[in-house]
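>>> My questions are about this predicted structure, shown below with the sequence.
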Amino acid sequence: MYITESHPMYPYTDEEKMQIRKEFGIKDNILQEDIDSILEWFYKQPHLAKASINRESVERMFIFSKCSRERTKKRIDHFYRCRSLAPELIQTRTKVLLEPDTELWTFYRQAAMLKLFNGKRISVFKINDTDPSSFSNEEVCRNTIMLGDLRLQFDYMLSDIWIFDLKNLTLGHLLRVNATLIQKFVSIAQDGMGMKIYEIHVLNSNSLTQHLIALFKQFINPKIFERIIFHGNDVDLLKYIPKTHLPKDYGGEQPSLEEFKDMYTKELREDITRNYLIECCEHISNEALRPGDFKEEYLVGSFKKLDLD
């Protein structure tokens, strides 16, 4: 059963929600008609009919698709297809969520700030452990997709601002990146969920940064790379984002990344959140039931061959 009230991890005000709808010219009665139409289409698809979906997620995807019904249908179809093809990133969550002693965030931290900044949600990512042997592709992708599932249901924003702190990034970390898993993750997040990236801020970049960017350029929308801003120090970041919207780690007024980790760990294991995330494992298509010729054409290019040289 889906929950529709706000979530403590992703708060926003009614005024912010109304302002976002106003920017897209959305009227509630027409919006509900759009959602009804998309859901009617969804349940007529043989490969989707038995999958799980909810109105809140459809509304977010509709907004990310510039309020186009057809774009939203394509996005949902892609989202469910890519999730079905990546069980190692979706289905593994059940085990870790049901094991209270399993650490969800081990070698890195990630957090979405508790206040919207001009309608945008700011998220921070940082590797904590300098020992590359602790690095886990599966952990990063699994956790980020889980948080994305919560955001599709509970968050409400125009776009995202990402902050990457590369202070502890080493060559050993890069050598352990599984490009195939990362591409599956990108397909789910970029082409499926469709949250828009307004800016990416990179802190403490070094000689490895260009190698990291070269890796991701193989499967991320080129426009995103035009939105990257490099910063020599934390002070420079404050020219773009005020202290009220940054964690304590960077001189801000939001909780520290460690405090966010504790909050996230607690919230994800609360019954209502945990059960919802496990239910989201049903947000997958049954590709065996996808219509004939279209199925073959659609799956041929599911995950393109990567150039790993």
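Sure thing, it's come through. Residues are numbered from 1 along each chain as shown.
>>> Pull up the per-residue confidence for D307.
For D307, the pLDDT comes out at 37.
>>> what helices or strands is the helix of greatest length in the chain leaning on?
If you go by DSSP state H, the chain has its longest helix at helix 137-154. With contacts taken as 3 or more CB pairs under 8 Å, 6 or more residues apart in numbering; DSSP states H and E, helix 137-154 sits against helix 55-64, helix 87-90, helix 93-98, strand 108-112, helix 179-186, helix 271-279. Quick note: C-beta positions are derived from backbone N, CA and C, even for glycine.
>>> can these go into CSV with extra columns for mean neighbour count, distance to G232 and mean pLDDT?
Output for the helices and strands packed on helix 137-154, formatted as CSV (neighbours: other CB atoms under 10 Å; distance: least, CB to CB, whole Å; pLDDT from 0 to 100):
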stretch, mean neighbour count, distance to G232, mean pLDDT
helix 55-64, 21, 33, 97
helix 87-90, 18, 35, 98
helix 93-98, 15, 37, 98
strand 108-112, 22, 22, 99
helix 179-186, 19, 27, 95
helix 271-279, 15, 38, 97
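>>> mind putting these in JSON lines, distance to T209 included?
Output for the helices and strands packed on helix 137-154, formatted as JSON lines (distance: least, CB to CB, whole Å):
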{"stretch": "helix 55-64", "distance to T209": "28"}
{"stretch": "helix 87-90", "distance to T209": "25"}
{"stretch": "helix 93-98", "distance to T209": "30"}
{"stretch": "strand 108-112", "distance to T209": "17"}
{"stretch": "helix 179-186", "distance to T209": "16"}
{"stretch": "helix 271-279", "distance to T209": "33"}
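>>> Quick one: closest of these to L169.
strand 108-112 (10.3 Å; CB to CB).
>>> Poorly predicted segments of this structure, please.
1-5, 293-309 (pLDDT under 70).
>>> all strands in it, in order from the N-terminus.
108-112, 120-127, 159-165, 197-203, 228-231 (DSSP state E).
>>> so what strands line up beside the fourth one?
The partner list of strand 197-203 in its sheet, established with DSSP bridges, is strand 159-165 (parallel), strand 228-231 (parallel).
>>> Of these, flag the one that's most buried.
Mean neighbour count (mean count of other CB atoms under 10 Å) peaks for strand 159-165 among the strands paired with strand 197-203, with a mean of 20.
>>> which residues touch it?
117, 119-127, 195-204, 237, 241 (CB atoms under 8 Å, 6 or more residues apart in numbering).
>>> Excluding residues flanking it in the chain, which one is nearest L158?
In this structure, L158 finds its nearest non-sequential neighbour in G119, 4.0 Å apart by CB to CB, 6 or more residues apart in numbering.
>>> follow-up on the earlier one: return the distance of the longest helix of the chain from the chain's centre.
6 Å (CA atoms, centre = their mean, to the nearest Å).
>>> ok, the closest residue in space to E258 that isn't next to it in sequence - contacts?
Of all residues not flanking E258 in the chain, R109 sits nearest, at 7.0 Å (CB to CB, 6+ apart). Each residue near R109 by CB under 8 Å, 6+ apart is listed here: 124-126, 128, 257-258, 260-261.
>>> distance of R109 from N168?
Noted for R109: a distance of 11 Å to N168, by CB to CB, to the nearest Å.
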